[in-house]
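1. structure for the following, please:
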Amino acid sequence: MKNQINQTAPYGHYKLFSPVTLGPYTLNHRVALAPMTRLRSDAKDAPSDMMVKFYEQRSSQGGLLIAEGTAVSITGRSYYGAPGIYADEQIPAWQKLTDAVHAKGGRIFVQLFHGGRQSHVDMTGGVAPVAPSEVPFEGVSFTANGWVASSMHRALELDEIPAIIEDFLKGAERALAAGVDGVELHGANGYLPDQFLQDGTNKRTDGYGGSIENRARLMLELTKALISVWGADRVGVRISPSGEWGGIADSNPEATFGYLATELDKLGIAYIHVIEPRIKGDSTLHEDQAPVASATIRKSFKGTIISAGGFDREQAEAIINRGDADIVAFGRFFSSNPDLPERLKYDYPLTPYVRDTFWGGDETQYNDFPTYNEHPETANQII
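-> Okay, here's the model as predicted:
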């Protein structure tokens, strides 16, 4: 039985819980499932039955789900157990997952991914990982043997870049065949498109290096390839202007990402998905605490902005009310609260997330978390 007192709490009128348009779709609320690498695909890198259940559980309230980073090629894999969309044989499993989400009223975009230098030869089919340039990197990759130091990468030759774009295009075509609602280009977190974009990792002197325009070229060409399959209004791009994951850095991120956002705005894509630095502290969000990445992107991009970065309910409402974002993506707390939109709306307690099960495992503490209405007595207040 629902908590009748909490149902009358003042959060129902919050803009966070109002409908929003995303491309051709109308979502019932503005709480999205952020893409989370959970490493539970099957032996063929296709969505497993427990993945199907995980996404189905989180799609019952008419919102947006963004599926975890999905490799577009074997050489683009970085994480053992992460799904792929590089083979036609993987389409039926994605179709099964998509059908389950749609049956519960949700919308799902698949995040297309290439790890670039963040990989290991055990994941890339025995070949060296690729990157825009050979820049020393002390990162790690997740293999069948656990976390190991990434293998030395090599710089892509100019004539190899079209094949990378083709891999993304084919992944987009397979996603379309699987019936998903759209695709998101993973251009964040120091993966291959981000490596080309930022000058800390891109030391090229050809048409894909040097100026901001040249460094942004691959990201924009990849986006256009996805648009050629889906149309602009069902394509999103994820970026991390303040990110350091993967040893990433840029000498002038405001100019770099401002240019990218301006060009993406011209393409008319469905959204930009911005990763903020992890939000901490007072949830009232004073000006000196407010997220800055989304606000900076808003200066150049007039379409839908999805913001992610450890928000709570009040912080999410604040960034939407300021107009810096239209949708807020939640990861960690969505992992342990399959009914998160309802819990946030009615101020129900949140079940704690379990960090130890983030990176692989079985169904335990993955898709066995109850909704609040199933076991309200077991919920623990977190925020």
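2. separation between Met123 and Asn373?
-> Computed with C-beta to C-beta, to the nearest Å, the distance linking Met123 and Asn373 is 41 Å. For every residue, glycine as well, the C-beta is placed using N, CA and C.
3. for Arg77, that is, sorry about that
-> As it turns out, when the distance is counted by C-beta to C-beta, Arg77 lies 39 Å from Asn373.
4. check Ser150 too.
-> Going from Ser150 to Asn373 by C-beta to C-beta gives 44 Å.
5. Ala175 too?
-> As judged by C-beta to C-beta, Ala175 and Asn373 stand 33 Å apart.
6. who has more neighbours out of these two?
-> When Ala175 and Asn373 are compared for neighbours, Ala175 comes out ahead with 30 against 13, by other C-beta atoms under 10 Å.
7. quick check: what element follows the helix or strand the more buried one falls within along the chain?
-> Using DSSP states H and E, Ala175 sits in helix 161-177. Counting by DSSP H and E, the next helix or strand C-terminal to helix 161-177 is strand 182-186.
8. hmm, who's touching the helix or strand following that following strand?
-> Note on strand 182-186: by DSSP H and E, the next helix or strand toward the C-terminus is helix 192-197. When contacts are taken as C-beta atoms under 8 Å, 6 or more residues apart in numbering, the neighbours of helix 192-197 outside the stretch itself are 76, 114-117, 130-132, 164, 185-188, 201-202, 208, 215-219, 222, 239-240, 243, 246, 248, 250, 256, 260.
9. from these, list just the buried residues.
-> In terms of neighbour count (16 or more other C-beta atoms under 10 Å), the buried residues within the contacts of helix 192-197 are 76, 114-117, 130-132, 164, 185-188, 201-202, 208, 215-219, 222, 239-240, 243, 246, 248, 250, 256, 260.
10. narrow these to those in helices?
-> Using DSSP state H, the subset of these located in helices is Ile164, Arg215, Arg217, Leu218, Met219, Leu222, Thr256, Leu260.
11. quick one: Glu374 and Gly331, what's the gap?
-> When distances are taken as C-beta to C-beta, Glu374 and Gly331 turn out to be 22 Å apart.
12. and these two? which has more neighbours close in?
-> When Glu374 and Gly331 are compared on other C-beta under 10 Å, the one with more neighbours turns out to be Gly331, at 19 against 10.
13. surely the more buried one meets Ala34?
-> Yes - between Gly331 and Ala34 there is a contact at 3.8 Å, judged by C-beta atoms under 8 Å.
14. overlap in contacts, these two.
-> Counting by C-beta under 8 Å, 6+ apart, the residues touching both Gly331 and Ala34 are Ala308.
15. residues contacting the closest residue to Gln198 other than its chain neighbours?
-> Nearest residue to Gln198, sequence neighbours excluded (C-beta to C-beta, 6 or more residues apart in numbering): Asp250, at 3.9 Å. With contact set as C-beta under 8 Å, 6+ apart, Asp250 has these partners: Leu197, Gln198, Asp199, Gly200, Thr256.
16. per-residue confidence for Asp250?
-> Confidence at Asp250, expressed as pLDDT, is 95.
17. what's the answer for Gln61, then?
-> The per-residue pLDDT reported for Gln61 equals 83.
18. what is the burial count for the nearest residue to Gly207 once chain neighbours are set aside?
-> Counting by C-beta to C-beta, 6+ apart, Gly207 lies nearest to Asn214, which is 5.7 Å off, once chain neighbours are set aside. The burial metric for Asn214, expressed as a neighbour count using other C-beta under 10 Å, is 16.
19. now swap in Asn252 and tell me
-> Burial measure for Asn252: 12 neighbouring residues, criterion other C-beta under 10 Å.
20. residue ranges in the stretch 251-383 of the chain under the pLDDT threshold?
-> Low-confidence segments of the stretch 251-383 of the chain, defined by pLDDT under 70: 278-292, 375-383.
21. could you pull out the strands for it?
-> Taking DSSP state E, counting those that start in this stretch as the criterion, the stretch 251-383 of the chain contains strands spanning 271-275, 304-308, 327-330.
22. adding distance to Phe168 and mean neighbour count, write the ones you listed out as a markdown table.
-> Converted to a markdown table, the strands of the stretch 251-383 of the chain look like this (distance: least, C-beta to C-beta, whole Å; neighbours: other C-beta atoms under 10 Å):
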| stretch | distance to Phe168 | mean neighbour count |
| --- | --- | --- |
| strand 271-275 | 16 | 28 |
| strand 304-308 | 20 | 25 |
| strand 327-330 | 22 | 25 |
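23. ok, Asn367 touching Gln57?
-> Yes - when contacts are counted by C-beta under 8 Å, Asn367 is listed as touching Gln57 (6.1 Å).
24. quick check: neighbours shared by those two?
-> In terms of C-beta under 8 Å, 6+ apart, Asn367 and Gln57 are both contacted by the residues Pro338.
25. could you check how far Gly258 is from Thr296?
-> For Gly258, the distance to Thr296 equals 7 Å [C-beta to C-beta].
26. any low-confidence regions in the stretch 1-150 of the chain?
-> Using pLDDT under 70, the flagged stretches of the stretch 1-150 of the chain are 1-13.
27. just give me the neighbour total for the closest residue to Thr357 other than its chain neighbours.
-> Spatial nearest neighbour of Thr357, excluding adjacent residues (C-beta to C-beta, 6+ apart): Gln365 at 4.3 Å. Here the neighbour count serves as a burial measure; for Gln365 (other C-beta under 10 Å) it reads 17.
28. quick one, helices of this structure?
-> According to DSSP H, the helices that the chain contains are 4-7, 49-57, 91-103, 161-177, 192-197, 212-215, 217-230, 253-267, 293-298, 313-322, 332-336, 340-346.
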